[in-house]
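Trainee: Sharing a sequence plus its predicted fold:
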Amino acid sequence: MNHSLSPRPQAGDGRLAPGATDGQRRPLGLRTRAMLFGVLAAAILTGLIALGSRGFHWFDATLIGYAVASIFAVAAVTYKYSFWLARPQTGRYWRRSWQLFFSYANFRRYTVLIPTAILDLFSQQFIRRRGMYRWLTHQCIFWGVILSCCITFSLTFGWIRMTLTATGQHLVWFFGFPLLAFPVDSALGWLIYHALDLTAILLFIGLVLALHRRFHDLSLITVQRFGFDLMPLALLMAIVITGLALTADSTWLRGAYYWYISLTHEVVVVLWLISLPFGKFFHLIERPATVGIELYWKTGEGTEMQTCARCGEAFAPVRFIQDLKKTLLDVGENYSLREDVFAQQSAESTGTEAEEQATRTLWWQDLCPSCKRVARGQATLAALDPGGNRFL
């Protein structure tokens, strides 16, 4: 093996792989389709608000700002998510994951694999392996945001409301149907009344831990950006403080400043909702897709494994390597190691046939990680000492 086995991406010099398209260019149709999905999601949410509030009969008009911001956030999130799935890197694995999910051959494995992957998603074990401090921080923020959103949106949209019964109990209604009755002075009643306060306290703990780490961890201070890393945390902290201030004002100050605090709270909530599709917390929407990746990899472990072209060791499922090559072709990258053979084969074919021929060509991806490191080292030595005598 010599220095000719170093990877040579070809997209930068205009020579794209056969059948490939520029990964940075998006046809207008993809953007239009993503916009239509966003509009459809906003229309569906509006319909659910009308349905859950019984034709807006139980919709609180004073919460119109929250509702409008939520509809906009849903439309924007759907647009960005749809556009994200249109990328070759994510679209191929998204489609492949659903194919595996509905495959009868893999059905037996779902009983263990799917619940385990979902549990890992909610417990965030991948973060716990990085450190208990980071895991506790993410758990507090994750569950504080999720539970607060579930409660807030349900109340804002009129999906949940409470009325007083003739016996003096409070009755919870969900989508216009009676759900639960409880005494006003019961422990359950206290938990229901203060559910948002409890989730706010949980979120507050996570935010304090996160901000402490971001202001004291030198490895984060050097790379963090104010708008992307700190601003979302600051908005969440403002939401928590103003939300708890509403409870404090109504409990101890008899609502003396309730209007001003509620207006401030609404402003920061709306700002956070509008920034959700474009900021750091969009990964809350992206993260569930990892369940499909887990399924993709686990089901591939029992299939044919790719052997290294240099040492012959198995290192990855063949399906993964083949999909990776096709994805690289889609984004205009050519990592073939035998360029002459690749060019001769691809000159006579295009499209799917070119992809199939490319998978039969020796690629950089056909080497295991250890052999890649060896190839890089040999290429470096060959570049520094073309005659082969300098390091003797």
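Mentor: Ah, there it is.
Trainee: How much space separates the most centrally placed residue in the chain from residue 362?
Mentor: Central residue of the chain (CA atoms, centre = their mean): residue 286, 1.5 Å from the mean position. In this structure, residue 286 lies at 34 Å from residue 362, with CB to CB, to the nearest Å as the measure. The C-beta positions use only the backbone N, C-alpha and C, and glycine is treated the same way.
Trainee: cool, residue 35 as well?
Mentor: When CB to CB is the yardstick, residue 35 and residue 362 sit 42 Å from each other.
Trainee: do the same with residue 166
Mentor: According to CB to CB, residue 166 stands 81 Å off from residue 362.
Trainee: for residue 174, same thing?
Mentor: Counting by CB to CB, the separation of residue 174 from residue 362 is 60 Å.
Trainee: just the strands in the chain please.
Mentor: Per DSSP state E, the chain carries strands over the ranges 160-164, 169-174, 177-183, 305-307, 314-317.
Trainee: Now do residue 352, the pLDDT please.
Mentor: Confidence per residue is given as pLDDT, and for residue 352 that number is 53.
Trainee: typed the wrong thing, it's residue 7
Mentor: Predicted confidence (pLDDT) for residue 7: 43.
Trainee: export stretch 222-231 as PDB, just CAs?
Mentor: Presented in PDB, the C-alpha positions along stretch 222-231 are these (Å, rounded to 0.1, in the frame of the first residue of the first chain):
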ATOM      1  CA  THR A 222     -13.600  28.800  24.200                       C
ATOM      2  CA  VAL A 223     -16.100  27.400  21.700                       C
ATOM      3  CA  GLN A 224     -19.600  28.500  22.900                       C
ATOM      4  CA  ARG A 225     -21.600  31.100  21.000                       C
ATOM      5  CA  PHE A 226     -23.900  33.600  22.800                       C
ATOM      6  CA  GLY A 227     -26.700  33.400  20.400                       C
ATOM      7  CA  PHE A 228     -26.700  29.600  20.000                       C
ATOM      8  CA  ASP A 229     -25.600  28.300  23.400                       C
ATOM      9  CA  LEU A 230     -26.400  30.900  26.000                       C
ATOM     10  CA  MET A 231     -29.500  32.800  24.600                       C
END
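Trainee: now that stretch, how far from the chain's geometric center?
Mentor: A distance of 19 Å separates the centroid of the chain from that of stretch 222-231, by CA atoms, centre = their mean, to the nearest Å.
Trainee: Could you list the buried residues of that stretch?
Mentor: Along stretch 222-231, the positions that meet the burial threshold by neighbour count (16 or more other CB atoms under 10 Å) are 230-231.
Trainee: and what of stretch 154-168?
Mentor: For stretch 154-168, burial by neighbour count (16+ other CB under 10 Å) applies to 155-162.
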